[in-house]
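Peer 1: Dropping the sequence and predicted coords here.
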Amino acid sequence: GAGVSQSPRYKVAKRGQDVALRCDPISGHVSLFWYQQALGQGPEFLTYFQNEAQLDKSGLPSDRFFAERPEGSVSTLKIQRTQQEDSAVYLCASSLGPGAKTGELFFGEGSRLTVL
Amino acid sequence: QKEVEQNSGPLSVPEGAIASLNCTYSDRGSQSFFWYRQYSGKSPELIMSIYSNGDKEDGRFTAQLNKASQYVSLLIRDSQPSDSATYLCAVERVYNNNDMRFGAGTRLTVKP
C-alpha cells in the first residue's frame, strides 16, 4: 500500500486478555518503530527493527510486551495479560533506514487499545 | 533525564504572531533532528528536518539547530489558527542504531 497500515484501529480488551497489533510498513522501508502514546503525551519509544533484526527493545515496559518482524516487513506487537495501564494508542512508523538521505518517519493511523 | 525535552506548554499566540518552540536533547552523538506536527486524534506528520548547525527555512517555518548547546527550535511566522496542534521534537541517535526518540510535545493554540 501507499502508507503504513495498522490494524485493528480500535481494540477493547478485558484485563488479562492477550492482544496482537499489526503493522504493515511502506514497502521497501528498512526501519520499523513501535511507540506508545498516552493521552496528552508524546510518543514513547517501545522497540525498533532494521529488517528482521530487533535492534532495540529497551522501551518495552515489561516482559508482557513482545514484538516481532520475522520476514522484515510486517510487524506484530503482542501484549499478554493486558492491564489497565496498557491503555494507549500504539503507533507504528517506518523509514527508509540508515544511510538514506532522510530519516523521516511515516506513521500509521495507530491502534487505540482500551483495557477495561 | 529524558533523551528529548520540550516545554509542554500550552503555548498560546494570537493569529499573525510568531510562535517559538524549543527542544533540548541529551545524546551528543545525535545527528538528525525533526519537527513533527500532530493534530488531535491524528498521527504525527513531518514538517521540518535539520541536520547541520544554523537555520533552515521552509515557508513560514524556520528550524534552528545548535549542536554545541544541544538545542533545537522551531519558529512559526504569521501563525494561523490551522497551526494549532501539538509539535513534537524528534532526535535520531546515530550511535544508537539510528533509533528515533521524541519529546513530550508542545501544544500550540493560535487564537483568531
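Peer 2: The structure has been received and is ready for your questions.
Peer 1: neighbours of the residue lying closest to B:Lys111 once chain neighbours are set aside, just the number please.
Peer 2: Nearest non-adjacent residue to B:Lys111, counting by Cβ to Cβ, 6 or more residues apart in numbering or on different chains: B:Pro14, 5.5 Å away. Yep, even glycine has a C-beta here, placed from its N, CA and C like the rest. Neighbour count for B:Pro14, taken as other Cβ atoms under 10 Å in any protein chain shown: 10.
Peer 1: List, one by one, the residues from chain B near chain A.
Peer 2: B:6, B:32, B:34, B:36, B:43-46, B:49, B:86, B:88, B:90, B:92, B:96-105 (Cβ under 8 Å from any Cβ of the partner chain).
Peer 1: Where does the residue positioned nearest the centre of chain A fall, secondary structure wise?
Peer 2: Compute the mean C-alpha point of chain A, and by Cα atoms, centre = their mean the closest residue is A:Trp34, 3.1 Å away. Using DSSP states H and E, A:Trp34 sits in strand A:31-37.
Peer 1: Would that strand count as contacting chain B?
Peer 2: Yes: part of strand A:31-37 sits near chain B under the criterion Cβ under 8 Å from any Cβ, namely A:Ser31, A:Phe33, A:Tyr35.
Peer 1: which of the residues in stretch B:18-37 are buried?
Peer 2: B:19-25, B:27, B:30, B:32-37 (16 or more other Cβ atoms under 10 Å in any protein chain shown).
Peer 1: what's the first-to-last distance across that stretch?
Peer 2: 16 Å (Cα to Cα, to the nearest Å).
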